[in-house]
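Novice: 3D model of this:
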Amino acid sequence: MTENPATGELKEDATRADIGLVCALPLELSEFLARCSKVKTYTGGRFTFRGGFYGKIRIAIVESGLGPNRAERATAALLDAHQPRWIVSTGFCGALVPSLQIGQIVVANEVTTIQGDSLKIDVGMTTDPSRGLTVGRTLTVDKMIRKISEKQILAEKTGAIAVDMETYAIAALCRERKERCLAVRAVSDDLSADLPDEVLSLVGETGSVRVGAVVGALWKRPGSYKDMWRLRENAMLCADRLAKFLDGVVRQLHDAT
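Specialist: The predicted structure is shown next:
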């Protein structure tokens, strides 16, 4: 709330959000955004912002692009612009353990890095297989982990159950600024198969799909069409599962404040 200097009356600050969400790719929150109303989009500081209402809850989203450095800057920009009461690091993640399957939800109660940095997160949740929910330690890295063998090594070294490229940077900034933070992600790739080689070139640093790379991949390896279609199907499933889980998360965080 802000005070009108002329009348002394309090009015709602239209720029302030109740919940702020940080994702890397537009697709990750596409289904969640479809559930929002009065959505507006703008760009600032090389990031894309989207704001709207989830019921009566004011939502602000920033799409950071890939990697911890972009995630940290995007989160700072979101906090400065919209002052949300909660920050949620969200989007997709890769499974590091066989028990996690595509579409399942991972909530981090601890986030760590390869260098051994670690932050605890008080989530107030426990693993619930009936809901496809696993609570545990997650790992943040600065490059895409494509091979099953790499994932197995990381799991053994860090004790993490899932990996992404943004969460630790977001959580560390929130800890520094004394902001409340939660990490909620959907598993987009499991230990059943390596990700195709082409995935490294399909998505740019900003999170946009490189159309030229898609065409080039199809030209060089026509069979990559099946791999890319599978990735798309998995991503759509994850976006839907994530939206359904975030429904409860957003409402609970709002009620808690």
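Novice: pull the number of nearby residues for Gln115.
Specialist: Residues lying near Gln115 (other Cβ atoms under 10 Å) number 7. Quick note: C-beta positions are derived from backbone N, CA and C, even for glycine.
Novice: make 6 the starting number, not 1.
Specialist: Will do, 6 is the new start, and the previous item becomes Gln120.
Novice: did I read that right, it in a strand?
Specialist: No. Under DSSP: H, G, I helix; E, B strand; the rest coil, Gln120 sits outside any strand and is assigned coil.
Novice: the helices in this structure, which residues?
Specialist: Using DSSP state H, the helices of the chain run over 35-39, 73-87, 153-163, 172-182, 204-207, 216-225, 229-261.
Novice: kindly reformat those as TSV containing mean pLDDT, mean neighbour count and distance to Gly50.
Specialist: Listed next are those as TSV, based on pLDDT from 0 to 100; neighbours: other Cβ atoms under 10 Å; distance: least, Cβ to Cβ, whole Å:
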stretch	mean pLDDT	mean neighbour count	distance to Gly50
helix 35-39	95	17	20
helix 73-87	96	20	5
helix 153-163	97	16	31
helix 172-182	98	22	14
helix 204-207	53	15	25
helix 216-225	43	13	25
helix 229-261	85	17	24
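Novice: now the ones you listed in TSV, with distance to Asp127?
Specialist: Below are the helices of the chain laid out as TSV (distance: least, Cβ to Cβ, whole Å):
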stretch	distance to Asp127
helix 35-39	23
helix 73-87	19
helix 153-163	20
helix 172-182	12
helix 204-207	34
helix 216-225	41
helix 229-261	12
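Novice: tell me which of these sits nearest to Gly129.
Specialist: Nearest to Gly129 among the helices of the chain is helix 229-261; the distance by Cβ to Cβ comes to 8.8 Å.
Novice: now the phi/psi pair for the closest residue to Gln106 other than its chain neighbours, please.
Specialist: Computed as Cβ to Cβ, 6 or more residues apart in numbering, the closest residue to Gln106 that is not its neighbour in sequence is Asp195, at 5.5 Å. Asp195 adopts backbone torsions of phi -110, psi -160, taken as degrees, to the nearest 10.
Novice: rewinding a little: so which of the helices of the chain gets nearest Cys98?
Specialist: Short answer: helix 172-182, nearest of these by Cβ to Cβ, at 8.2 Å.
Novice: can I get the closest one in PDB, CA atoms only?
Specialist: Taking Å, rounded to 0.1, in the frame of the first residue of the first chain, the C-alpha atoms of helix 172-182 are listed here in PDB:
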ATOM      1  CA  THR A 172      18.000 -22.400  -8.300                       C
ATOM      2  CA  TYR A 173      21.100 -21.900  -6.200                       C
ATOM      3  CA  ALA A 174      21.800 -18.400  -7.600                       C
ATOM      4  CA  ILE A 175      18.200 -17.400  -6.900                       C
ATOM      5  CA  ALA A 176      18.200 -18.800  -3.400                       C
ATOM      6  CA  ALA A 177      21.500 -17.200  -2.600                       C
ATOM      7  CA  LEU A 178      20.300 -13.800  -3.700                       C
ATOM      8  CA  CYS A 179      17.100 -14.200  -1.700                       C
ATOM      9  CA  ARG A 180      19.100 -15.200   1.400                       C
ATOM     10  CA  GLU A 181      21.400 -12.100   0.900                       C
ATOM     11  CA  ARG A 182      18.300  -9.800   0.700                       C
END
